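1. Coordinates for the following, if possible.
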Amino acid sequence: MIEVNPLQLDHRQEYALYVHIPFCWYKCHYCDFFSSVGVQESLRIRVIERIITEIPYQLQHLGVTQLSSVYIGGGTPSLLTEEQVSRLLNTVQGYQPQQITIEMNPEDITPLWLNALKLERWSNVRLSMGIQTFHQASLSAVGRNTTLEQTVQSLQYLESYKHRLNLDLIAGLPYHTEKIVRDDMHRLLEYNPSHISLYSLAMEQGTILTHRNHPYLPTEEDRSIQWQISQELLQKAGYVQYEISNYARDIQDRSRQNLHYWQLKPYIGIGPGAVGTLVYRNGSAVRVSGKKSLQDWSNPDKHDLWEYETVDQQNFLFEHYMMGLRTVIGVDKVILEQRFGAKGIDPWRQLEQSKWRGYMQESQTSLVLSAEGRLFLDSLLLDLIDLIDLCRG
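-> Numbering: from 1, shown residues only. I've put the predicted structure just below:
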């Protein structure tokens, strides 16, 4: 059981759920998320069963009866069997989420597996597939075992669902040139998905890619240029950027789960390596993470499955600005005032007296940076954290 007193939690905001499937067929060389490969099927079955049964158990304990959104990620959720994914979706549908997103890899997609998602019945199920690139050498260089033929085939299977489909693309992979990233984006746009996530390759510590120092990896400057080229092509095609890495055709096509995260609303993480944030009524929070132990999660008699990190008021306040200001929606003033009172707005008021004034916009409900201001977000946040530290003192 998650060791948090439900009576101390702030239930004024809606809850979301993140479900982490901690298994992969292979490990992508750039990935730093928790996942295991080569796991015996019997162990995998027990862990997945535990994840599914923990959902209603933990939600009931925390007093959560309804969810705004659900995100099923990993790892690789598309390695779930048809029976497993059907049971998981049936479980979370009971909490009436407005949107459920499930991640997929192209090589796993079959008509039978898609049928298990009951897409014709459940219009709230949203699909997210990681293409990353159409360049085979680049895929192989980062350990993606997908072939170009599998990618094309999976997109054909998903043609009927592109109105609720996100496709991921990464710029700056090994062998990438400006021509290749242009070709990638032009090809992706031919499928006209409702949502696109565009990332620049990040060199995360501890990943295979960082250790191997690939000889055909673009420089950091080249990766930035390639990402900017892709971004410009997306905007010319009519996609609207609502966060640094996310683009949607229309407002209804946005990821509700991502918006939930960026507004620091409470969410629960279930599964090994899953992270959640629960908010207390006093304006502090606690990060609750599923322990990264498959053995613990496979043992029905093991109940100590969680790790905790307290986030004090000042740090949590800074996180509201750090997350909200990266979006076109901005920081929710209502949530700020509910959680922190008048002092929640104080850092913004002080920023208005600084060099950042021309980039700042305020409405009755939100605090927003202009598009140009978001380009300087890192520098602005450094000034902001100094102001919050002064308030702390």
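2. So, low pLDDT: which residues of the stretch 51-200 of the chain?
-> Counting by pLDDT under 70, the stretch 51-200 of the chain shows no low-confidence range.
3. Show me the helices in it, by range?
-> 82-93, 111-116, 136-141, 148-157, 178-189 (DSSP state H, counting those that start in this stretch).
4. For the last one, list every residue counted as buried.
-> By neighbour count, and taking 16 or more other C-beta atoms under 10 Å as the criterion, the buried residues in helix 178-189 are Ile180, Val181, Asp184, Met185, Arg187, Leu188, Leu189. Every C-beta, even on glycine, is put in place using the N, C-alpha and C of the backbone.
5. Same question for the first one.
-> For helix 82-93, burial by neighbour count (16+ other C-beta under 10 Å) applies to Gln84, Val85, Ser86, Arg87, Leu88, Leu89, Thr91, Val92, Gln93.
6. what's the spacing between the fifth one and Pro193?
-> Right, Leu88. Distance of Leu88 to Pro193, computed by C-beta to C-beta, to the nearest Å: 23 Å.
7. One more: the last one?
-> In this structure, Gln93 and Pro193 are 23 Å apart, going by C-beta to C-beta.
8. Would you point out which residue is most central in this protein?
-> Centroid check for the chain by C-alpha atoms, centre = their mean gives Asn258 as the closest residue, at 5.7 Å.
9. three-state assignment of it?
-> Following DSSP: H, G, I helix; E, B strand; the rest coil, Asn258 is assigned to helix.
10. Do you know the pLDDT at it?
-> Looking at Asn258, its pLDDT is 95.
11. pretty sure it is in contact with Ser245, am I right?
-> No. The pair Asn258 / Ser245 is not scored as a contact, 9.1 Å apart, by C-beta atoms under 8 Å.
12. And Leu209, which helix or strand is it part of?
-> Following DSSP states H and E, one finds Leu209 within helix 208-212.
13. who's in contact with that helix?
-> The contact list for helix 208-212, computed with C-beta atoms under 8 Å, 6 or more residues apart in numbering, reads Lys27, His29, Tyr30, Val142, Gly143, Met203, Glu204, Leu217.
14. from those residues, which would you call buried?
-> Neighbour counting with 16+ other C-beta under 10 Å marks His29, Tyr30, Val142, Gly143, Leu217 as buried within those.
15. could you measure the first one against Leu234, distance?
-> With the distance defined as C-beta to C-beta, His29 ends up 25 Å from Leu234.
16. got it, and the fourth one?
-> Counting by C-beta to C-beta, the gap from Gly143 to Leu234 is 26 Å.
17. Now do the buried residues in the helix holding Leu209.
-> For helix 208-212, by 16+ other C-beta under 10 Å, it's Leu209.
18. Any stretches of the stretch 251-393 of the chain with poor pLDDT?
-> For the stretch 251-393 of the chain (pLDDT under 70), the answer is 390-393.
19. one more time with 90
-> 342-343, 352-353, 371-372, 374-376, 386-393 (pLDDT under 90).
20. quick one, strands of it?
-> 267-270, 275-279, 285-290, 306-311, 331-332, 360-362, 366-369 (DSSP state E, counting those that start in this stretch).
21. Distance to Tyr161 added to the ones you listed, as a markdown table?
-> Below are those laid out as a markdown table (distance: least, C-beta to C-beta, whole Å):
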| stretch | distance to Tyr161 |
| --- | --- |
| strand 267-270 | 25 |
| strand 275-279 | 28 |
| strand 285-290 | 30 |
| strand 306-311 | 35 |
| strand 331-332 | 31 |
| strand 360-362 | 36 |
| strand 366-369 | 32 |
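22. Return the most buried member of those strands.
-> strand 267-270 (a mean of 24; mean count of other C-beta atoms under 10 Å).
23. what's next to it, contact-wise?
-> By C-beta under 8 Å, 6+ apart, strand 267-270 touches 2, 15-20, 51, 54-55, 58-59, 62, 64, 260-261, 275-278, 288-290.
24. next one: stretch 369-384
-> By C-beta under 8 Å, 6+ apart, the residues outside stretch 369-384 that reach it are 244, 318, 321-322, 325-326, 330, 347, 351, 354, 356, 358-361.
25. Stretch 185-199 now?
-> 128, 131, 134, 155, 159, 162-171, 227, 229-231, 233-234, 237, 239, 245-250, 253-255.
26. just the buried members of these?
-> Among the contacts of stretch 185-199, those classed as buried by 16+ other C-beta under 10 Å are 128, 131, 134, 155, 162, 164-171, 227, 229-231, 233-234, 239, 245-249, 253-255.
27. per-domain residue ranges of this protein.
-> For the chain, automatic domain parsing gives the domain ranges 6-259, 328-393.
28. Just name the most buried of those.
-> Most buried of the domains of the chain by mean neighbour count (mean count of other C-beta under 10 Å) is domain 6-259; its value is a mean of 18.
29. Identify the residues contacting the nearest residue to Lys302 once chain neighbours are set aside.
-> Nearest in space to Lys302, with sequence neighbours left out and distances taken as C-beta to C-beta, 6 or more residues apart in numbering, is Asp296 at 4.8 Å. Contacts here follow C-beta under 8 Å, 6+ apart; on that basis Asp296 touches Pro272, Lys302, Asp304, Leu305.
30. who wins for most neighbours among those?
-> Counting neighbours by other C-beta atoms under 10 Å, Pro272 leads the contacts of Asp296 with 26 neighbours.
31. residues touching the nearest residue to Pro22 once chain neighbours are set aside, list them.
-> Excluding its sequence neighbours, the residue lying closest to Pro22 (C-beta to C-beta, 6+ apart) is Pro272, at 4.4 Å. Counting by C-beta under 8 Å, 6+ apart, Pro272 makes contact with His20, Pro22, Phe34, Val47, Gly290, Lys291, Lys292, Ser293, Leu294, Asp296, Trp297.
32. if we can go back for a sec, identify the farthest-apart pair in the contacts of Asp296.
-> Farthest apart among the contacts of Asp296 by C-beta to C-beta are Pro272 and Asp304. That separation is 13.1 Å.
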